[in-house]
Every structure is written in C-alpha cells, then in structure tokens.
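1. Okay, predicted coordinates and the sequence, questions at the end:
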Amino acid sequence: MKKLLFAAVVVVFATSVSADLQQYTFKGLFTSSDVPSSVAVGDSYTLTFQLDTSTTDNNASLQDGIFMGAVTDLDFSLNAGSSGNYGGGTMTSSQFLQLSDNYGYDGVNFYASPAFIPGSGLSFSNAGSLSFAEFGFNLYSNSQNLFNFSADSGQTLDSVLPALNLSSFDNNANVYMVFDNWASRVSGNITSISIGSAAKVPDSIGSTGLFVLISMGCLMVFRQRLVRTE
C-alpha cells in the first residue's frame, strides 16, 4: 500500500508542471475603421490575455527576441455602449511575442492569424461579410534599451522584459484587426494597461487535485491499518 501511495504522489507531481503567468488587461478606443458597422471610430474595447514569463528567447540576436508560446488565454471584445456590432474574439493556445530594439526604437509586437500560425484555438468574428485575417497589438517607444538582452538566446521573458506598462511605450501603442484578405483594417489606441498578480499555475492538475489524491491515498493506508488491527 505504501508503494501505491508513493507512486500516486509521484504521478501527480510529474503531471503538475507549472508556468509563470502574468495577467494583462488593455483598454482603449478605436480611431480608424474601414468597417464602421462592425467597429466604429470611438468604440471602446477591452483586451485581456496572459503572458507566460518563463518562455525563452528563440532568436539568435541581441536586438530581437522571439518568445514562442508566450501569449495565451486571450479575450477581446467591444465594450457596452459601442456603436459597432463586432462579436469579439478569443485565443486559447499560445502565440509568440516579439521584442525589437534595432530600428531606432524599442517595440513589443504580437499578432495572431489563422493563415500564419494555425491550431492556436483562434476564434475571431468576421466583420459582416468580410472574413477575419489578423489581430495584433503593438507598443513602441522612442527610448531604446528598454529590454535587457544579455544573450543571443535562451533568456526568459521576465529577465528581458519585467512588465508591459504604458508609461514605457510613448509612441503609437495600438491594437488592430484586419479583414477581407488584409484589404480592410481597424485600429485603436491603447489608453491603459493594468497588470494582475503573477502566479504559478499548474498546466494540468491543480493543487486541489493534488490534495485530494494524497488524502485518498492516506485514507486507504489508514483503512488498511484498521483492517489489520481488527
């Protein structure tokens, strides 16, 4: 019985790999639109997503970082009171985040497109009869050296970019969507960024499941001992 309990605990720990997740919420207003019935100028939006700050740089460069699998659990929607009727969108799986500081400015860039990176649980509404092509956000700063690239690759995201904050990116922070095979576009300013607390989040079974399994194992050992003493 002790061997069975030990094996159960080992299995639980082996399947409870954690990730460092940081919750972000972007808010802003749309400033241009080729599809005003779906997204109108002046419409406000909310974008939430999580960054896995433990992802590592896959790019062999001290000027550009590519962090595959960094962005996950994304949700985008127009706020109540908006004139447009756009249905919003979600993304369940990971997409990459790019950091660049070799163009005279520092930039954080993200895009999600079913044409370029399929299989990510990406589900965004069309704009009327115009098919969805891409969603993304960009943060730019006229100040360089915001990023701490100290190796060609292998650095974790939190060691290069401790956090996304609007005060560090003073030039053209925006979100955008593209429709109709990149022929129609909407874009808006990012007016605020709020940051949730970082947390260790199990990828599979959580701490509650761990507690339950260990408790069940202990109960089985206890009952076995009772049977032997009766």
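-> Looks like it arrived, so ask away. Because the structure is a prediction, the values reported are computed rather than measured.

2. Give the burial count for Ala70, as a bare number.
-> 25 (other C-beta atoms under 10 Å). (Glycine included, C-beta is placed from N, CA and C.)

3. wouldn't it be in contact with Phe96 here?
-> Yes - counting by C-beta atoms under 8 Å, Ala70 touches Phe96, with 6.2 Å between them.

4. Show me what the helix or strand encompassing Gln98 packs onto, helices and strands only.
-> Per DSSP states H and E, Gln98 falls inside strand 95-100. Here strand 95-100 touches strand 64-78, strand 106-112, going by 3 or more C-beta pairs under 8 Å, 6 or more residues apart in numbering; DSSP states H and E.

5. Taking strand 106-112 as reference, get the angle to the longest one.
-> Translated: strand 64-78. 60 degrees (axes from the mean of the first three to the mean of the last three C-alpha atoms, to 10 degrees).

6. which residues of the protein score low on pLDDT?
-> 1-19, 103, 118-119, 171, 197-230 (pLDDT under 70).

7. quick one on the thing from earlier: between strand 106-112 and the strand holding Gln98, find me the angle.
-> 160 degrees.

8. Partner strands of strand 95-100, with direction?
-> strand 64-78 (antiparallel), strand 106-112 (antiparallel) (DSSP bridges).

9. Work out the gap between the helix or strand that comes right after the first one and the centre of the chain.
-> In this case it means strand 64-78. Per DSSP H and E, the first helix or strand lying C-terminal to strand 64-78 is strand 89-91. The chain centre lies 11 Å from the centre of strand 89-91; the measure is C-alpha atoms, centre = their mean, to the nearest Å.

10. Check stretch 164-175 too.
-> Counting by C-alpha atoms, centre = their mean, stretch 164-175 comes out at 17 Å from the chain centroid.

11. Can you show me the strands along the protein?
-> 18-33, 44-52, 64-78, 89-91, 95-100, 106-112, 122-124, 132-141, 171-179, 184-195, 199-202 (DSSP state E).

12. got JSON lines for those strands, with distance to Leu164 too?
-> Compiled in JSON lines, those are given as follows (distance: least, C-beta to C-beta, whole Å):
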{"stretch": "strand 18-33", "distance to Leu164": "6"}
{"stretch": "strand 44-52", "distance to Leu164": "8"}
{"stretch": "strand 64-78", "distance to Leu164": "11"}
{"stretch": "strand 89-91", "distance to Leu164": "17"}
{"stretch": "strand 95-100", "distance to Leu164": "10"}
{"stretch": "strand 106-112", "distance to Leu164": "7"}
{"stretch": "strand 122-124", "distance to Leu164": "21"}
{"stretch": "strand 132-141", "distance to Leu164": "7"}
{"stretch": "strand 171-179", "distance to Leu164": "10"}
{"stretch": "strand 184-195", "distance to Leu164": "6"}
{"stretch": "strand 199-202", "distance to Leu164": "17"}
